[in-house]
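Participant: Model the structure of this input:
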Amino acid sequence: WKSTSASGAPDNSSLHRLGRIPIAALVGVMLLVCKQTFSWSSLRLINKIPKVDLFTIALVSTVTVTKDLAQAVFYGVVASALGFAWKQSTRIKATSSVPTGGWKTYAVDGPLFFGSTSTFSNQFDPKSDPNDVIIDFKSSRVVDHSALESINELARKYGDLSKKVHLRGLSSDCYQLLERLNGASTDYELMEPSSEDPIYEVAEDYSK
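Facilitator: Sure, this is the predicted structure:
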C-alpha cells in the first residue's frame, strides 16, 4: 500500500510512519483480537466431547500455528477418518442363542469391514459350538472384500472341525460375491434368500 501526495507522487512519509510502529504493538493487537473473538465458553465442553474429536481439534490448531492452514485441514481429515474407522470397528458384536432342538444362531450387529474383522472373529467359539451354526447378518452390513475374507476364514475354522456354517441375512450382492470367491467348494451353506434380506452392495472390484 502506498499513499500519494496531491501531485500523484508516492508519499514516502506515510510509509516511514507506518514502519516506526513496533512489532510488539502489532502482536499485541492480534492477541487482543484473538482474546475477544475466541469462544471461551467452549472450554467447558472439553470433558463432554469424545477424546478423538478433542485430539483432532488440538492437532488442527497446532498444525495451523506451526505449519499452515492447508496442512492442518489435511491432518484433520485424516485424523477424523481414522477416528471414525476405530469407532465403527468397536461396534460389531454377535449375540448367540440356541433354540430348543435347533441350531445355534449368532445374530451379528454392526458393520463388518477391514477395521472390525478381528473383533468379528473373536465373537465365535468353533471348538465348543455344535456341528451346525447359523450366522445371521440381518442387522449387519458386509462392507468390503476384507469382510468377505473374514467370513471365509471363520467358516474354514468350523470346516476344519467338521462343522457347518449356515449364512443368513446377507444381501444378494454378498451371496454372489461369496459364490464367485469360493466356487462349489465351501465350508458354509448360503441359506435361501428371503424378502427380508437387506439390499446393499459390497465395495469390491467387480472387474476381476
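
Participant: C-terminal to the host helix or strand of Thr105, what's the next element?
Facilitator: Using DSSP states H and E, Thr105 falls within strand 104-112. Next in sequence after strand 104-112, counting helices and strands by DSSP H and E, comes helix 117-121.

Participant: tell me how far the following helix or strand past that following helix is from the chain's mean position?
Facilitator: Using DSSP H and E, the next helix or strand after helix 117-121 towards the C-terminus is strand 132-142. Its chain's C-alpha centre and that of strand 132-142 lie 21 Å apart, by C-alpha atoms, centre = their mean, to the nearest Å.

Participant: next one: stretch 152-168
Facilitator: With C-alpha atoms, centre = their mean, you get 28 Å for stretch 152-168.

Participant: Which of the three states applies to the residue sitting nearest the centre point of the chain?
Facilitator: Centroid-nearest residue in the chain, with C-alpha atoms, centre = their mean: Ala85, separated by 2.2 Å. For Ala85, the secondary-structure state derived from DSSP: H, G, I helix; E, B strand; the rest coil is helix.

Participant: Give me the contact list for stretch 167-179.
Facilitator: 134-140, 142, 148, 151-152, 186, 188-191, 193, 196-202, 204 (C-beta atoms under 8 Å, 6 or more residues apart in numbering). For glycine as for every other residue, the C-beta is placed from the backbone atoms N, C-alpha and C.

Participant: With stretch 71-80 instead?
Facilitator: Val52, Phe55, Thr56, Leu59, Val60, Ser61, Val63, Thr64.

Participant: Average pLDDT for that stretch, rounded please.
Facilitator: For stretch 71-80, the mean per-residue pLDDT is 93.

Participant: Give the buried residues for that stretch.
Facilitator: Residues Ala72, Tyr75, Gly76, Ala79, Ser80 are the ones in stretch 71-80 that count as buried (16 or more other C-beta atoms under 10 Å).

Participant: and if you look at stretch 176-193?
Facilitator: Of all the residues in stretch 176-193, those buried under the rule 16+ other C-beta under 10 Å are Leu177, Leu178, Thr186, Asp187, Tyr188, Leu190, Met191.

Participant: and that stretch, C-alpha only, in PDB?
Facilitator: Extracted C-alpha coordinates of stretch 176-193, given in PDB (Å, rounded to 0.1, in the frame of the first residue of the first chain):
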ATOM      1  CA  GLN A 176     -23.000 -63.600  -5.500                       C
ATOM      2  CA  LEU A 177     -19.500 -62.500  -4.400                       C
ATOM      3  CA  LEU A 178     -19.100 -65.400  -2.000                       C
ATOM      4  CA  GLU A 179     -20.100 -67.900  -4.600                       C
ATOM      5  CA  ARG A 180     -17.700 -66.400  -7.100                       C
ATOM      6  CA  LEU A 181     -15.000 -66.200  -4.500                       C
ATOM      7  CA  ASN A 182     -15.200 -69.900  -3.400                       C
ATOM      8  CA  GLY A 183     -16.900 -71.700  -6.300                       C
ATOM      9  CA  ALA A 184     -18.500 -75.100  -5.400                       C
ATOM     10  CA  SER A 185     -16.100 -75.900  -2.600                       C
ATOM     11  CA  THR A 186     -17.100 -74.100   0.600                       C
ATOM     12  CA  ASP A 187     -17.200 -74.700   4.300                       C
ATOM     13  CA  TYR A 188     -20.600 -73.000   4.600                       C
ATOM     14  CA  GLU A 189     -24.100 -73.000   3.200                       C
ATOM     15  CA  LEU A 190     -25.700 -70.000   1.800                       C
ATOM     16  CA  MET A 191     -29.300 -70.200   3.000                       C
ATOM     17  CA  GLU A 192     -32.100 -69.300   0.600                       C
ATOM     18  CA  PRO A 193     -32.500 -65.500   0.300                       C
END
